[in-house]
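Visitor: Output the structure for:
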Amino acid sequence: MIRMMRLCLPFYVAAALLVAGDSIPGRPSSPFVIDPAQTKIEFTLSDTLHTVHGNFQLTSGTLTLDPATGKASGELVVDARSGDSESKARDKRMHANILESQKYPQIAFRPDRVDGKLALEGKSQVQLHGMFSIHGAEHEINVPAFVEAAGSQYNVTAIFPVPYVEWGMKNPSNLILRVGDTVEISVHAVATAAK
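Guide: Residues are numbered from 1 along each chain as shown. So this is what the prediction gives:
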């Protein structure tokens, strides 16, 4: 669950930033595509014994931004069933008891706004606002993202916390193992103009 959120949010932020960066005021809005093969979604969850690391896979991602208004649209989708922490027992619990990934197989982000000035070349920082869908519910989020633009390609990095327990998912803690109520998500993605 945590992994999925981490994966999805960063990707969505990256996509929105890329779209914003390629847009020039006065021109029509342009669609962008985020390449799953060039996207890395990682999660980190601390517990009393050690820190758990894992990843998720992006299924698809498209975003469109109106440079005149900052409005965004599109959808980024992560396969909730792809969550992997390199521990079969832990992953089985995560998918069955926390993410319930067979019942909720997708995590999606639908952006509606990008805040901040995105440079057409070089580095910039923006925030992507929208609705994050996970575990059968939608949550309003703002995700900070760092973007580096070079030509028609945008490299996006987003790191943010996901309050999975507050969002209705179970905390996997037991009498021996105690884990945090939030998970950190790190997303690295590449976005290019749709052809």
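
Visitor: how about Met94, secondary structure?
Guide: Here Met94 is helix, with the state taken from DSSP: H, G, I helix; E, B strand; the rest coil.

Visitor: Quick check: it vs Lys117, distance?
Guide: Using Cβ to Cβ, to the nearest Å, Met94 is found at 39 Å from Lys117. Where you see a C-beta, it was placed from the backbone N, CA and C, and this is true even at glycine.

Visitor: Can you pick out the residue with more neighbours from these two?
Guide: Met94 (27 against 10; other Cβ atoms under 10 Å).

Visitor: Wait, the more buried one touches Asn171, no?
Guide: No. Met94 lies out of contact with Asn171 (Cβ atoms under 8 Å); the separation is 11.8 Å.

Visitor: thought Ile41 was touching Val187?
Guide: Yes. Contact status for Ile41 versus Val187: in contact at 5.2 Å, counting by Cβ under 8 Å.

Visitor: ranges for the strands of the protein?
Guide: Secondary structure of the chain (DSSP state E): strands at 30-34, 40-46, 51-65, 72-84, 106-115, 122-134, 137-150, 153-162, 183-193.

Visitor: between these, which one is nearest to Leu177?
Guide: strand 51-65 (10.2 Å; Cβ to Cβ).

Visitor: in this structure, which ranges drop under the pLDDT threshold?
Guide: Scanning the chain with the threshold set as pLDDT under 70 gives 1-30, 48, 67, 175-176.

Visitor: Repeat the analysis, applying 80 as the threshold.
Guide: 1-31, 47-50, 65-68, 118-120, 174-177, 193-195 (pLDDT under 80).

Visitor: Pull the contacting residues for Asp35.
Guide: Ala189, Val190, Ala191, Thr192 (Cβ atoms under 8 Å, 6 or more residues apart in numbering).

Visitor: got it, and Phe146?
Guide: When contacts are counted by Cβ under 8 Å, 6+ apart, Phe146 is found next to Lys123, Ser124, Gln125, Val156, Thr157, Ala158.
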